[in-house]
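A.B. asks: Below are the sequence and a predicted model; questions follow.
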Amino acid sequence: MGMAEVGEKDLVTPGEVLGKASELIPGRGAYVAPHNNTVYASLTGRRVIIPPSLGSPDQRPVVEVTGHKAHGAVPEPGSIVIARVTKVMARLASADILCVGSKSVREKFTGIIRQQDVRATEIDKVDMHSSFRPGDIVKAVVLSLGDARAYYLSTAKNELGVVSAESTAGATMVPISWTEMQCPLTGQIEQRKVAKIGPSQSSNQA
């Protein structure tokens, strides 16, 4: 099998369009977005087109993205991630993804938590500034690759949300309810979308 058959090699980054699913089979480092049947890259590396083998029933070539370096973990739809909130706006919060599962990332991945993805109920009443603050550490699930190479994240489950936050006094706050955390130094209460810690809180969250 001659390596000459391995076709074009282009550097791509997460979220870059590789082609249509009707024409390509996604291999390593690629996935199909079901809403538009488009194949996207899920990591940074070189795009490699591998021709179909002779006699294969599926004559679409395979597209792979081969890592340009030993890369760390890469977020994918369904991954649980830990992220640090960097900016909070009226309809969304942005965050830097720090870990995918238990593995730290080596590249910069940006996450976006939209207003409708903060919690599962009363979505229209979500106040982003009462849910997150810059510097908060949040646990979230990756929904999809969004625009501008950012991942859409959701905290709309009981166990997802803010897992660690500093108060204005600089202390690590203690969660006291689904929506509040308290500063142990000043007793001041701040609002957050709090992640369920452990099995003790089993009631459904608003």
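C.D. replies: Right, received. Where do you want to start? Numbering: from 1, shown residues only.

A.B. asks: Worst mean pLDDT across the helices and strands of this protein, which element?
C.D. replies: Here the helix or strand of the chain ranked lowest by mean pLDDT, DSSP states H and E is strand 9-12, holding a mean of 72.

A.B. asks: Residue 49 versus the residue with the largest distance to the centre of the chain, what's the distance?
C.D. replies: Distance from the C-alpha centroid of the chain, by C-alpha atoms, centre = their mean, peaks at residue 55 (38.8 Å). The gap separating residue 55 from residue 49 is 19 Å, by C-beta to C-beta, to the nearest Å. The way it works is simple: take the backbone N, C-alpha and C, and place the C-beta from them, glycine included.

A.B. asks: Check residue 191 too.
C.D. replies: Counting by C-beta to C-beta, the gap from residue 191 to residue 49 is 51 Å.

A.B. asks: okay, those two: which has more neighbours?
C.D. replies: residue 49 (18 against 15; other C-beta atoms under 10 Å).

A.B. asks: give me the element the more buried one is part of.
C.D. replies: Per DSSP states H and E: residue 49 is located in strand 45-50.

A.B. asks: Residue nearest the middle of the chain, spatially speaking?
C.D. replies: Most central in the chain under C-alpha atoms, centre = their mean is residue 142, positioned 3.6 Å from the mean C-alpha point.

A.B. asks: Quickly list what that residue is bridged to.
C.D. replies: Beta-bridge pairing for residue 142 (DSSP bridges): residue 153.

A.B. asks: Was I right to think it contacts residue 74?
C.D. replies: No - counting by C-beta atoms under 8 Å, residue 74 is not a contact partner of residue 142; they are 10.1 Å apart.

A.B. asks: and the closest residue to residue 197 other than its chain neighbours, what are its phi and psi?
C.D. replies: Counting by C-beta to C-beta, 6 or more residues apart in numbering, residue 175 is the residue found nearest to residue 197 once chain neighbours are left out, at 6.4 Å. Per-residue torsions, residue 175: phi -70, psi 130 (degrees, to the nearest 10).
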